[in-house]
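Asker: just a sequence and a predicted model for now, questions to come.
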Amino acid sequence: MTEIQGKFNPESALLLDVRDLTIQYVTDNGTVHAVENLNLQLGRGETLGVVGETGAGKTTTALGIMRLIPSPPGVVRAGEILFEGEDLLKKSEPEMRAIRGGKIAMIFQDPMTSLNPVMTVDRQIAEMISLHRSVSDSEALTLAGDMLELVGIKRERMHDYPHQFSGGMKQRVVIAIALACDPGLLIADEPTTALDVTIQAQVLELMKKLKQQFNASMILITHDLGIVADICDHVAIMYAGRVVEYAEKRALYSRPLHPYTIGLFNSVPDLDEDREELAVIPGLMPDPMDLPTGCTFHPRCTFAAEECSKKKPDVLEVEPGHFVACPIRAGLGLGKPATGGERK
Amino acid sequence: MNDTPYIRVENLKKYFPTKRGMLHAVDDVSFSIQKGETLGLVGESGCGKSTLGRCLIRLLESTAGGVFLRDEKTGADIDVTKVSAHVMKDLRKKVQIVFQDPYSCLNPRLSVWELIAEPLIVNGVYSGRNAMRARIRELMSTVGLAERLENSYPHELDGGRRQRIGIARSLALNPEFIVLDEPVSALDVCIQAQILNLLNELQREFHYTYVFISHNLSVVKHVSDRIAVMYLGRIVELSDYKELFVKPLHPYTQALLSAIPVAKLDVKKDRIILEGDVPSPIEPPECCRFAGRCRYRQETCLKTTPDLKEISDGHFVACHFTNDLKPTV
């Protein structure tokens, strides 16, 4: 894959191409299979939603892309993370430091803990700017003020400390820091989970607007299918460290195929319908140290057949761009194996 | 269902003294709940919904007003906020609460068995160990905890199971009224669905009266018979659950409903983006609490506080312009 830069590359529209990424946490009690054979593609200017429950490996994936997996215990076992055609896993630490914040920026879940409580917000934004651009301190502070105005905070408040802002405002500051260096890729890990609905609506609206203005791509990690429906182009559903379904948003919402995806949709109470009982997925998420054999979802699956417990499901392309890791639901023989399946 | 309400809340107030003045957490709230009904209480963080829930069962002493609980046997009303500690201890068996965070509300040093036994022991319900054992087994099966877990400790269990322990504890004394304070907020959607189903089943079987506190409107709609929307310590709208979603009238309710992300495509909603944040609840001025963020604000709104008025059968709205209000959805 090293010759990929030199040649004509038909995939050049791709900003990020994660191939067969496997991340494990090795502990004394056993190995946690946090992410296994993960494949993700993200085009320029696109927004990809990564959906799954706690422990599905969403955050590990994001940290893996940023090369921020705590090691030990985290180990990247295999795979490639091609960002603008170059493998991030082969970069040196100084090179990575220039990429983090400069080309790939991250927004963390909890704005209350991701800001430095003893530093005024303008300095926190300026810190990011002076790390990545050759500007003087005063210029950096001016730019920081501009960024604050961009995210809808008045310039007068630039010398305030984080505790003087509300939760929504703090998340705006975090967004300002993330966008300060005009990154090509923005990874947002549950950016609105800690916020109230009306504030969440404000922040999502802002992120949508700025993403376009900066022409950035975005990976949005969330557990809320509603937010995905609102702002994403593509969706990847994760379960127990694997992507079980990946499709364009419209295809996924109108024709969800994987039994887990269907279960996930059914678990959300519907505002338009009146149902006495919610359809639930029986059982619990498997222990990541002791994953079931074959398809990790088979013990909870209503469609499970005998082979599901034996063979890891191939990723099949059921229609152009719609991948599902379930041979039963894909209708055996109907779909052709996708690239992800062939590469093994 | 007869017409005398099971719980009647009248002009309930709860103020907290702070350095900068009185914080009006719950400010003049009145409503009633029928036996076997679920009242949903929604609002954003800091609107006073949890404080209200706690005042209802006197985990907090109210500043003013009363919470009247009807005694099924005598038919008399008991003011929960004023009865003596002795009467209250007896009353505690009837009113229970399930807390939000199943990770912090359980003593980590007690096993599942001990946790569920605790309310039974404290109230001296059983003298014999065997009778108590049978009751704990029964409770565990009611909430769907496997018997083999009785010697496990909370840290060994996932959030859903821990919440089941919390529910079992609140059911132990056969209560009549349960305050559910964000019981599913800390849980994943799949587990959330399991717990919601469980709560519904329990209500059908034992005819509990619930107050269900949540910030998640779709969850509240799923479980409630009526819903009260709170904003900054006051109820701004109270109505039947269906009507609230079809015909939201208060400008705040409209904005709140429009802000819910819906897991469907092609639902074109006119999203009302509220400007600014919730103002401070400390010494709020005498005006409509929502006026600062309201699209329809007028002079009057900044001068007087609107009362909660019944504008159609069972639909209450606190807005000066109730006659001009139009549903948005």
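Answerer: Perfect, I can see it now.
Asker: in chain A, what residue comes closest to chain B?
Answerer: Closest approach between chain A and chain B, counting by CB to the nearest CB: A:Gly226, at 2.9 Å. C-beta coordinates here come from the backbone N, C-alpha and C atoms, glycine included.
Asker: what's that residue in contact with, if anything?
Answerer: The neighbours of A:Gly226, taking CB atoms under 8 Å, 6 or more residues apart in numbering or on different chains as the test, are A:Val268, B:Ile260, B:Pro261, B:Val262, B:Ala263.
Asker: of the residues you listed, closest to B:Tyr296?
Answerer: B:Ile260 (21.1 Å; CB to CB).
Asker: show me where the stretch 1-150 of chain A has helices.
Answerer: A:58-65, A:93-99, A:111-114, A:121-132, A:137-150 (DSSP state H, counting those that start in this stretch).
Asker: rank those by pLDDT, which is bottom?
Answerer: Averaged per stretch, pLDDT over the helices of the stretch 1-150 of chain A is lowest on helix A:111-114, reaching a mean of 82.
Asker: what comes up buried for that one?
Answerer: Of the residues in helix A:111-114, A:Pro111, A:Ser114 count as buried by neighbour count, 16 or more other CB atoms under 10 Å in any protein chain shown.
Asker: is chain B contacted by it?
Answerer: No: Helix A:111-114 lies out of reach of chain B by CB under 8 Å from any CB of the partner chain, never closer than 12.0 Å.
Asker: domain-wise, how is chain B divided?
Answerer: Per automatic domain parsing, the structural domains of chain B span B:7-231, B:248-317.
Asker: pLDDT on the first one, on average?
Answerer: Read it as domain B:7-231. Mean pLDDT, domain B:7-231: 90.
Asker: can you give me the end-to-end distance of it?
Answerer: 22 Å (CA to CA, to the nearest Å).
Asker: centre of the chain to it, how far?
Answerer: 8 Å (CA atoms, centre = their mean, to the nearest Å).
Asker: swap in stretch A:285-295?
Answerer: 22 Å.
Asker: same question, stretch A:179-191
Answerer: For stretch A:179-191, the distance to the chain centre is 11 Å (CA atoms, centre = their mean).
Asker: and stretch A:77-84, by the same measure?
Answerer: 15 Å.
Asker: repeat for stretch A:47-63
Answerer: With CA atoms, centre = their mean, you get 5 Å for stretch A:47-63.
Asker: buried ones in it?
Answerer: Applying 16+ other CB under 10 Å to stretch A:47-63 flags A:47-53, A:55-63 as buried.
Asker: counting neighbours, what do you get for the residue nearest to A:Val173 when sequence neighbours are not counted?
Answerer: Distance criterion CB to CB, 6 or more residues apart in numbering or on different chains; nearest residue to A:Val173, sequence neighbours excluded, is A:Val121 at 4.9 Å. A:Val121 has 28 neighbouring residues, counting by other CB atoms under 10 Å in any protein chain shown.
Asker: make TSV out of the domains of chain B and add mean neighbour count and distance to chain A.
Answerer: Formatted as TSV, the domains of chain B follow (neighbours: other CB atoms under 10 Å in any protein chain shown; distance: least, CB to the nearest CB, whole Å):
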stretch	mean neighbour count	distance to chain A
domain B:7-231	19	4
domain B:248-317	17	3
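Asker: using a markdown table, please lay out the ones you listed together with distance to A:Ile69.
Answerer: Compiled in a markdown table, those are given as follows (distance: least, CB to CB, whole Å):
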| stretch | distance to A:Ile69 |
| --- | --- |
| domain B:7-231 | 23 |
| domain B:248-317 | 30 |
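Asker: which element is A:Ala236 on?
Answerer: Taking DSSP states H and E as the criterion, A:Ala236 maps to strand A:234-239.
Asker: following that strand, which helix or strand comes up?
Answerer: Next along from strand A:234-239, by DSSP H and E: strand A:242-248.
Asker: pLDDT on the following helix or strand past that next one, on average?
Answerer: The first helix or strand that comes after strand A:242-248 along the chain, using DSSP H and E, is helix A:249-254. For helix A:249-254, the mean pLDDT works out to 90.
Asker: counting by contacts, list what helix A:249-254 packs against.
Answerer: With contacts taken as 3 or more CB pairs under 8 Å, 6 or more residues apart in numbering or on different chains; DSSP states H and E, helix A:249-254 sits against helix A:225-231, strand A:234-239.
Asker: would you list every one of the strands in the chain?
Answerer: Chain wasn't specified; assuming chain A. Here chain A has its strands, by DSSP state E, at A:14-27, A:30-43, A:47-51, A:74-83, A:86-87, A:104-107, A:185-189, A:217-222, A:234-239, A:242-248, A:316-319, A:322-324, A:336-337.
Asker: was after chain B, sorry
Answerer: Using DSSP E, strands in chain B cover B:7-18, B:21-33, B:38-42, B:64-70, B:77-79, B:95-98, B:177-181, B:209-214, B:226-231, B:234-240, B:309-312, B:315-317.
Asker: could I have the second one exported to CSV, CA atoms only?
Answerer: Extracted in CSV, the C-alpha atoms of strand B:21-33 (Å, rounded to 0.1, in the frame of the first residue of the first chain):
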residue,chain,number,x,y,z
GLY,B,21,-29.6,35.4,47.4
MET,B,22,-32.4,32.9,47.4
LEU,B,23,-32.3,30.3,44.7
HIS,B,24,-35.9,29.5,43.6
ALA,B,25,-35.5,25.8,42.7
VAL,B,26,-39.3,25.1,42.8
ASP,B,27,-41.4,28.2,42.7
ASP,B,28,-45.1,27.9,43.4
VAL,B,29,-46.1,24.6,41.7
SER,B,30,-49.5,23.0,42.0
PHE,B,31,-50.8,19.9,40.4
SER,B,32,-52.6,16.6,41.3
ILE,B,33,-52.1,13.0,40.4
